[in-house]
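Chemist: Model the following, please.
(one chain, ligands or ions: 1)
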Amino acid sequence: MKLMPRSLLGGINALGYEPLRKAIASYVGVSRGVRCDPEQVVITSGAQQGIELIAKLLLDPNDRVAIEEPGYSPARRVFEFAGARMTFIPTDSSGINIASVGIDHSPHRLVYVTPSSQWPLGMTMTLARRLELLQWTRRHKAWILEDDYNGEYRYRGRPLPALHTLDEYGRVIYMGTFSKVLFPALRLGYLIVPSQHSGAFENAHWLADQHSSLAEQMVLADFIEEGHFARHIRRMRTLYAARQDAMYSAIHRYLSDYVDFVRRETGQHTVLTPKSEAANNQLIATAKHVKIEYHTVSMYAANAQSRGIILGFAAFTERQIQMAVRRWAEALQ
Ligand SMILES: Cc1ncc(COP(=O)(O)O)c(C=O)c1O
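Modeler: Predicted coordinates:
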C-alpha cells in the first residue's frame, strides 16, 4: 500500500526528481561502473540521510552491524541509535580485514564500508579484500552499504570500479554524495538500491521529509546534463592532486622529525601519525596557536587511544598549505 501520492509536481516523488535520477544513473555507470536503472536511484538529503534510511529499513534492534575501525562515526552513531550491536573490524593497508572476525561469529545484518578511500585513513580496499568481504556477507546473508563519498578523487593509479560492480547477489547498496565533489552545504546524495526495494525507500523517504529539496535537484540535474559536473570533477582532480603533493612535500620538509605519513592516491585530507605521545601532544598544543584546524583519528575510532591527526588540504592553495605547515613547525621549536 502506498502511503503518499505518487507525484506531487511534475517529475518529483519521494525518490527524487526524475531527470536527476536519470542523470545520476548514467553518471555512476560511466564514472564508477555501477550499472543501474533510474528506478533504483533514491535521491537523499546527503549521505547522512541515506544511512538513516538504511538503518530504518534494514535494521531491527539488536541486529549486528560491522564497521571499519577506525571508521565514519556519524554512520556508527545512526546504527547505534537504531539499537544495533556494533562489531568494529580492524583495517590495514589493504582495507577492512573481515577475515579477522572469524567465520563462527554471530550473523550480521549489515556491513558499512568505504572501499575507494577508507575514512579516515585513506587506503583503497584491494580486489582480494573486496571478494573476501562479498563472500563473508553472503554467508551472513548481510547487506553491504558502500559509501563512495569521494570515489571520483583518485589522483594516481588505475581507478578501481565500485565494489557494487562485483556484487552478483544484489546485496550491495551503493551510496554517493555531492558533499565532497561539490560542497557540503548542498544537502544532496543518493542511494542505488535493488529495484524490488525502491518502494520501501520511497515510503521511508516520504515519512522522513517527503522529498529532498526540488529546486536544488533541478539545478543539479541541468548541471550534470550540460556536462559542467564532469568538467568540474576533471578540473578539481588536477587541482587537488597538486594540493595533496604540496601537503606531502611540506610535511616531509618541515615535520618529518615529528610525524610519519603514508602517501595516498585518493582523498582530500592527510593523516599524520605522530612519532610519540610527546610529539602528538606538542603538535596538538601548537596547532591551536597557529590556527590549524584538525580532526583526530580517535574522533573516528571505537578505540580512543588511536593516534593520528587529520588535516584537510582541498580548500587551500599550495602556498597556503606550505606556509601553514612551516608556521606550525616553527611553533614546535
Ligand atoms: C565517509 C563519509 N561519508 C559521507 C560523507 C558526506 O556526508 P553528507 O553527504 O551527509 O554530507 C562524509 C563527509 O565528510 C564522509 O567523510
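Chemist: interface residues of the stretch 101-250 of the chain facing the ligand?
Modeler: When proximity is defined by C-beta under 6 Å from any ligand atom, the stretch 101-250 of the chain lies next to the ligand at 114, 119, 147, 149, 177, 179, 184, 189. Just so you know, the C-beta spots here come from the backbone N, C-alpha and C atoms, and that holds for glycine as well.
Chemist: Among those residues, show me the least confident.
Modeler: Lowest pLDDT within these is found at residue 184 (92).
Chemist: And the nearest residue to residue 294 once chain neighbours are set aside, how close does it get to residue 196?
Modeler: Of all residues not flanking residue 294 in the chain, residue 309 sits nearest, at 5.1 Å (C-beta to C-beta, 6 or more residues apart in numbering). Counting by C-beta to C-beta, to the nearest Å, the gap from residue 309 to residue 196 is 45 Å.
Chemist: just the strands in this structure please.
Modeler: Assigned by DSSP state E, the strands in the chain fall at 12-13, 16-17, 41-44, 64-69, 85-92, 95-96, 110-113, 143-147, 172-177, 189-192, 259-260, 269-274, 295-296, 309-312.
Chemist: Looking at these, spot the one closest to residue 239.
Modeler: Nearest of these to residue 239, taken as C-beta to C-beta: strand 309-312 at 13.9 Å.
Chemist: residues of that closest one that come out buried?
Modeler: By neighbour count with 16 or more other C-beta atoms under 10 Å, strand 309-312 contains the buried residues 309, 310, 311.
Chemist: List only those of the residues of the stretch 101-250 of the chain next to the ligand flagged as buried.
Modeler: Buried by 16+ other C-beta under 10 Å: 114, 119, 147, 149, 177, 179, 189, out of these.
Chemist: Could I get the contacting residues of the first one?
Modeler: Pointing back at residue 114 there. Residue 114 sits next to 68, 71, 72, 146, 147, 148, 149 when contact means C-beta atoms under 8 Å, 6 or more residues apart in numbering.
Chemist: Kindly recompute the last result at 7 Å.
Modeler: 68, 72, 147, 149 (C-beta atoms under 7 Å, 6 or more residues apart in numbering).
Chemist: sorry, back to before: for the buried residues of strand 309-312, which one is nearest residue 124?
Modeler: Once C-beta to C-beta is applied, the member of those that ends up nearest residue 124 is residue 310, at 17.5 Å.
Chemist: For that closest one, give the beta-bridge partners.
Modeler: residue 271, residue 295 (DSSP bridges).
Chemist: Check it and give its pLDDT.
Modeler: On the pLDDT scale, residue 310 gets 98.
Chemist: quick one, what contacts the closest residue to residue 321 other than its chain neighbours?
Modeler: In space, and not counting its chain neighbours, residue 321 is closest to residue 246: 4.6 Å by C-beta to C-beta, 6+ apart. By C-beta under 7 Å, 6+ apart, the contact set of residue 246 is 318, 321, 322.
Chemist: Surely the last one touches residue 250?
Modeler: Okay, so that is residue 322. Yes: using C-beta atoms under 7 Å, residue 322 is in contact with residue 250, at 4.8 Å.
Chemist: Let me see the ranges of the helices in the stretch 201-333 of the chain.
Modeler: With DSSP state H, counting those that start in this stretch, the ranges of helices along the stretch 201-333 of the chain come out as 214-225, 228-254, 277-289, 318-332.
Chemist: Include mean pLDDT when you put the ones you listed into a markdown table, please.
Modeler: Output for these, formatted as a markdown table (pLDDT from 0 to 100):
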| stretch | mean pLDDT |
| --- | --- |
| helix 214-225 | 96 |
| helix 228-254 | 97 |
| helix 277-289 | 95 |
| helix 318-332 | 98 |
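Chemist: how about those, which one is nearest residue 139?
Modeler: helix 228-254 (36.7 Å).
Chemist: from what I can see residue 63 touches residue 109, true?
Modeler: Yes: Residue 63 is in contact with residue 109 according to C-beta under 7 Å; the separation is 4.0 Å.
Chemist: list the buried ones in stretch 302-310?
Modeler: 306, 307, 308, 309, 310.
Chemist: actually stretch 61-75, sorry about that
Modeler: 63, 64, 65, 66, 67, 68, 69, 70, 71, 72, 73, 75.
Chemist: again, but for stretch 74-82
Modeler: Within stretch 74-82, the residues that count as buried by 16+ other C-beta under 10 Å are 75, 76, 78, 79, 82.
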